[in-house]
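>>> Provide a 3D model corresponding to the input given below.
(one chain, ligands or ions: 1)
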Amino acid sequence: MGRRAKNKQAAPEPFEVVPASYSRKNGKRKADEREHEIARPSKKVKDDKKVTKGKPKSILKGASATAPKRVAPKKKAAGSEDEASDGWEDVEDEDVETHKKSLFNDSDDDGGWAGLAGDLGDLDDDDDMLGDGPVEELDLGSDDDEPPTTLKIKGSKSKQSSRPAKIIPDALESSDSDSSSEDEEERITIANMEARSRALDAQATADAEIDAEEMQRAEQEGGSDDFDEMDEEMDEGPDGEAFHLPTAEERAEEKQAGGPDVNSVQRRMRECVRVLGNFKKRAEAGRSRSEYIEQLTSDIASYYGYNDFLTEKLFHLFPVAEAIEFFEANEVPRPVTIRTNTLRTRRRDLAQALVNRGVNLEPIGKWTNVGLQVFESSVPIGATPEYLAGHYMLQAASSFLPVIALAPQPNERVLDMASAPGGKTTHIAALLQNTGIVFANDANKARTKSLTANVHRLGCKNVVVCSYDGREFPKVMGGFDRVLLDAPCSGTGVISKDSSVKVNKSNRDFTLLAHLQKQLILCAIDSVSPESKTGGYLVYSTCSVTVDENESVVDYALRKRSNVKLVDTGLEFGKEGFTQYRGKNFHPSVKLTRRFYPHVHNMDGFYVAKFKVERRMKSTPASNDVAADDEKTTTVASGGTTGAHSEDAGFNSDEDRPYLEENKRRWMKSKGLRPPPRKAHKPIET
Ligand SMILES: C[S@@+](CC[C@H](N)C(=O)[O-])C[C@H]1O[C@@H](n2cnc3c(N)ncnc32)[C@H](O)[C@@H]1O
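Residues are numbered from 1 along each chain as shown. So this is what the prediction gives:
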């Protein structure tokens, strides 16, 4: 990949609307200078110095870091004068590359960026392309995706202002209420001692297996070599002292004293990553891998402002060094992108119109012929005449992916099961070229208002908006050629937009979400017509990166519905789904699903799985797995117009019931209520 393409992919900094007085002084061309051409935008990144001013060096580059890096925890308050006035500046290619590069890697390797970048030249190719694009949504109703008037990237400001002033914020110290209530719950008695001891042994064995698995993974991925040449330098700190991992007592003392300073935390994180990269060689005698991991995750939590629970959950998704890259990427806004509405215009014409208004943009990449990346604008990108006329949708690039995977064909009947505010619905409508029909459903009636508004603005004439709980499908309607389930999720892929996710998600949320997702996915499968001549597909997606909400849900669907199989998503990039994860094994075909990460693909974290739904071999009465005692369960036996499914229709909540009950017990305790005694559960069916 050429240097320019790389530059383009560098994450744009928070977009600020530039005042009308904006001129060449900032290295920008005036709109009237570009009247008759689509100007190639100059390469821009926001001045890193502003971001890093007064801040310590990168976590992992340590003493050798030369380029400005954004790693410090204290950031400017939202809307501070400095930030507001800080425009984009022209920088040299080298600077942009430095800006983009990983904290861990000085190489020029394109990594996962290859093929993602586009070029204005690409605009010549897309005359025939109709439609694309929605807006990214977060989880349970918390996500308004379409900035209505002015374009500001959400998240970075609040995130920056919320970065902890103190290394260990008080709020985080008591965040894990679950574990404390659990400790309280069962006091050690003679009667339960033996059972507890067995449980502890089992836990220790499981931990050791996970440690071994992670170590093996780290070795396989060769993450340790980067640090070899730094070993000598880094074995000793700036003061000539070798790194010492604090003991539990030292950590307690440190906490009591108000926590270490930012520099010490950075150094300690760097050191822990280095040691974990080659544990045998670099660890302090007598210290375990888990101790380093515990210190590192605790430092990550305080440094980036996450609760301990989520830190661990996200940390374990990656090899150690890559995990830091992920957390770092969540501190940087993703590029501002728009999707051309091909029902109303062509990308080339839209680009020209926006360039004429002083918008600096480029095609997103070769993988989409309707996306444009906006680098800067002298007008509010959410309130241009073109926007109001429905020529484009402000939409995260990752949101294009599930619709590309769905690949709806003209004249098809499509269900978008959780669709508000309609970014993906309007994309589907455009790909159908206003033929066929799209049922755009969302359980949240209030959110269907913005959905309807977008449908109208973008000129979609083939969309029917409805508001059912998705678990009521296919009873209300079925027989769809294609179904998109862009499921309500935790939003761990969009932390750069909504930093509240860092602290407001608990174990209970993930359990409940996964439960809902499993119910929805079965209903989504049952809404697809296996008889469809042109389709018969379901796409499941989330803007979360956790395995519980992704591979676990998909694997569950494969186990519960014998008539579905995973197929290639057709997406040109993305990492393979996990087939094994921390002791869990998923069906080998889960590899076909795709993961997208901020630090790898410079887009929101996202997950996409595509299923083909086939005819059932035999038909038996629906019966077995509708859990009568599960209040959320909806019986969906052979309903709708499909008439093709009866065997194992419905949601079997056996698998989740113990977890749900346990969560309910904890919740009741936290409310001062007395939970009922635990029930014995049958072994979980797999
Ligand atoms: C990730 S957002 C959807 C974003 C949308 N696909 C887009 O591209 O604009 C998830 C949506 O699921 C909806 N939702 C939550 N629970 C639901 C349920 N049980 N059935 C249907 N929709 C639900 C929420 O209201 C939310 O709008």
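
>>> how about the contacts made by the closest residue to Ser377 other than its chain neighbours?
Closest residue to Ser377 apart from its sequence neighbours, by Cβ to Cβ, 6 or more residues apart in numbering: Val359 at 4.3 Å. Where C-beta positions appear, they are placed from N, C-alpha and C, glycine not excepted. Residues in contact with Val359 (Cβ atoms under 8 Å, 6 or more residues apart in numbering) are Val374, Glu376, Ser377, Ser378, Val379, Ile381, Thr384.

>>> so which of those comes closest to Ala446?
The closest of the contacts of Val359 to Ala446 turns out to be Ile381 (Cβ to Cβ; 25.5 Å).

>>> then the closest one would be within a helix, right?
No: secondary structure of Ile381 (DSSP: H, G, I helix; E, B strand; the rest coil): coil, not part of a helix.

>>> neighbours around it, how many?
25 (other Cβ atoms under 10 Å).

>>> and it, what's its pLDDT?
Here, the pLDDT recorded for Ile381 equals 97.

>>> repeat for Thr435
Taking Thr435 on its own, its pLDDT is 98.

>>> ok, it to the ligand distance?
21 Å (Cβ to the nearest ligand atom, to the nearest Å).

>>> ok, of the contacts of Val359, which one's closest to Gly672?
When those are compared against Gly672 (criterion: Cβ to Cβ), the nearest one is Ile381, at 49.6 Å.

>>> pretty sure the closest one sits against Thr337.
No: assessed by Cβ atoms under 8 Å, Ile381 is found out of contact with Thr337, at 10.3 Å.

>>> give me the common contacts of those two.
With Cβ under 8 Å, 6+ apart, Ile381 and Thr337 have common neighbours Val374, Leu394.

>>> check which helix or strand covers Leu361.
strand 359-363 (DSSP states H and E).

>>> what sits against Thr311?
Counting by Cβ under 8 Å, 6+ apart, the residues that Thr311 touches are Thr297, Ser298, Ile300, Ala301, Tyr304.

>>> ok, Phe611 next?
Neighbours of Phe611 in contact, by Cβ under 8 Å, 6+ apart: Ile525, Val528, Tyr537, Leu538, Val539, Tyr540, Ala557, Val564, Lys565, Leu566, Val567.

>>> in the sheet, who's paired with it?
Counting by DSSP bridges, Phe611 forms beta bridges with Leu538, Leu566.

>>> and it, what's its pLDDT?
On the pLDDT scale, Phe611 gets 98.

>>> show me the domain layout of this protein.
208-329, 398-670 (automatic domain parsing).

>>> which of those is buried the deepest?
Most buried of the domains of the chain, by mean neighbour count (mean count of other Cβ atoms under 10 Å): domain 398-670, with a mean of 21.

>>> name the next helix or strand downstream of the helix or strand hosting Glu328, please.
Glu328 is located in helix 320-329, with elements delineated by DSSP H and E. From helix 320-329 onward toward the C-terminus, using DSSP H and E, the following helix or strand is strand 336-340.

>>> residues of the stretch 401-550 of the chain that sit close to the ligand?
417-424, 442-444, 447, 469-471, 486, 488 (Cβ under 6 Å from any ligand atom).

>>> can you tell me which of those are in strands?
Asp486 (DSSP state E).

>>> residues contacting the nearest residue to Thr337 once chain neighbours are set aside?
Among residues not flanking Thr337 along the chain, Ala397 sits closest, at 4.6 Å (Cβ to Cβ, 6+ apart). Residues in contact with Ala397, defined by Cβ under 8 Å, 6+ apart, are Arg334, Pro335, Thr337, Ile364, Gly365, Thr368, Gly371, Gln373, Met603, Asp604.

>>> again, only using 6 Å
Taking Cβ atoms under 6 Å, 6 or more residues apart in numbering, we find Ala397 in contact with Thr337, Ile364, Gly371, Met603.

>>> go ahead and confirm Val476 touches Asp469.
No: the criterion here is Cβ atoms under 6 Å, and Val476 misses it with Asp469 at 9.5 Å.

>>> can you pull out the low-pLDDT segments for the stretch 151-300 of the chain?
151-201, 203-241 (pLDDT under 70).

>>> now Phe439: how far from Gly536?
17 Å (Cβ to Cβ, to the nearest Å).

>>> again but with Asn369, I slipped
In terms of Cβ to Cβ, Asn369 sits 26 Å off from Gly536.

>>> widest-spaced pair of the contacts of Val359?
Most distant of the contacts of Val359, by Cβ to Cβ, are Glu376 and Thr384, 13.9 Å apart.

>>> when the two are compared, which one has more neighbours?
Comparing Glu376 with Thr384 by other Cβ under 10 Å, the one with more neighbours is Glu376, at 25 against 18.

>>> bridging residues for that one?
Asn360.

>>> I figured it hits Gly358, correct?
No: using Cβ under 6 Å, Glu376 is not in contact with Gly358, being 8.5 Å away.

>>> one step back: can I get the contacts of Phe611 in TSV with pLDDT?
Below are the contacts of Phe611 laid out as TSV (pLDDT from 0 to 100):
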residue	pLDDT
Ile525	98
Val528	98
Tyr537	98
Leu538	99
Val539	99
Tyr540	99
Ala557	98
Val564	98
Lys565	98
Leu566	98
Val567	98
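
>>> closest to Arg666 among the residues you listed?
Nearest to Arg666 among those, with distances taken as Cβ to Cβ, is Ala557, at 27.7 Å.

>>> my guess is Val613 meets Val528, correct?
Yes: in this structure Val613 lies within contact range of Val528 using Cβ under 6 Å: 4.1 Å.

>>> and Leu458, what is it in contact with?
Taking Cβ under 6 Å, 6+ apart, one finds Asn341, Gly390, Thr426 in contact with Leu458.

>>> take these and write them to JSON lines, including pLDDT.
Below are these laid out as JSON lines (pLDDT from 0 to 100):
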{"residue": "Asn341", "pLDDT": "98"}
{"residue": "Gly390", "pLDDT": "98"}
{"residue": "Thr426", "pLDDT": "98"}
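
>>> which one of those sits closest to Ala323?
For those, the nearest to Ala323 is Thr426 (35.6 Å; Cβ to Cβ).

>>> just to revisit the earlier point, tilt between the strand holding Leu361 and strand 336-340?
70 degrees (axes from the mean of the first three to the mean of the last three Cα atoms, to 10 degrees).
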